[in-house]
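Participant: no sequence for this one, just the structure:
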């Protein structure tokens, strides 16, 4: 008796998921410089260079505001220690703007090193496949049971396909945020010129580091997911073939949902860790 393509539908859906998971894994190890051939990065570099002029103008403004807020009398500026402190702050802020691109790339490289350490020798995440026990169970179903399981396999397949697209979208949106942070970096980095405004620059760098570290959370989630899919599905002892299939589909869908939610909430997890 034909299986109505139940196993084929399930495996086809899992293959879509596996392909997207492989793409996610590849993107997590890709530098913004080489993403999409580097064309986007070249645009970001151009925008960053254009905004440096605005950054230098804000640098002077923040420096003056900081100087006024720190010194109640103009005569205090003549004191060597005060003048030296103000000069060093201005020089450091100017250097941060001038070498902002290098700073951003350096932070990304450090975070990428964390990801590489987590990945270790893994070349790809574990793939989900239909267990042989489920394949054997399909052969024992009656035609009416097969129709019911076939319907639920289509619904489950649609849900899994949607979750895989959500996960992939989350990874791509992370790249967009990396580019946005890098492009506008000269403006928030100019805030280092003033003591009162420097908190803006510190928060900006922490937030950027958080976006870079999201990949570490996502990689960990993928590795943990691999442990789930590698294990045999939990099936009720003595269950009928129909019930076995229902339990398997629900378990797979739940595991994929947990991974998708973990990837989607990676930014929230990092913000909580960094206190943002």
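Facilitator: Perfect, thanks for sending it. This is a predicted model, so every value here is computed, not measured.

Participant: Name the helix or strand for the closest residue to residue 35 other than its chain neighbours, please.
Facilitator: Among residues not flanking residue 35 along the chain, residue 175 sits closest, at 5.8 Å (C-beta to C-beta, 6 or more residues apart in numbering). Where C-beta positions appear, they are placed from N, C-alpha and C, glycine not excepted. Per DSSP states H and E, residue 175 falls inside helix 143-183.

Participant: what helices or strands is that helix leaning on?
Facilitator: For helix 143-183, the elements it packs on are helix 6-28, helix 39-70, helix 100-119, helix 198-230, helix 241-264, judged by 3 or more C-beta pairs under 8 Å, 6 or more residues apart in numbering; DSSP states H and E.

Participant: Is residue 32 part of a helix or strand, or is it coil?
Facilitator: The assignment at residue 32 comes out as coil when based on DSSP: H, G, I helix; E, B strand; the rest coil.

Participant: so residue 67 sits right up against residue 86, yeah?
Facilitator: Yes. Using C-beta atoms under 8 Å, residue 67 is in contact with residue 86, at 5.9 Å.

Participant: Quick one: find the helix or strand in the chain with the lowest mean pLDDT.
Facilitator: When the helices and strands of the chain are scored by mean pLDDT, DSSP states H and E, helix 132-139 comes last with a mean of 70.

Participant: about what we covered before: and the gap between the residue nearest to residue 35 and residue 182?
Facilitator: Remark: distance between residue 175 and residue 182 (C-beta to C-beta, to the nearest Å) = 11 Å.

Participant: And the two? Which one has more around it.
Facilitator: residue 182 (22 against 16; other C-beta atoms under 10 Å).

Participant: Quick check: the more buried one touching residue 32?
Facilitator: Yes. Assessed by C-beta under 8 Å, residue 182 is found in contact with residue 32 at 7.2 Å.

Participant: which residues do the two both contact?
Facilitator: Residues touching both residue 182 and residue 32 (C-beta atoms under 8 Å, 6 or more residues apart in numbering): residue 44.

Participant: quick one on the thing from earlier: the helix holding residue 175 vs helix 198-230, what angle?
Facilitator: Here helix 143-183 points in a direction 160 degrees away from that of helix 198-230 (axes from the mean of the first three to the mean of the last three C-alpha atoms, to 10 degrees).
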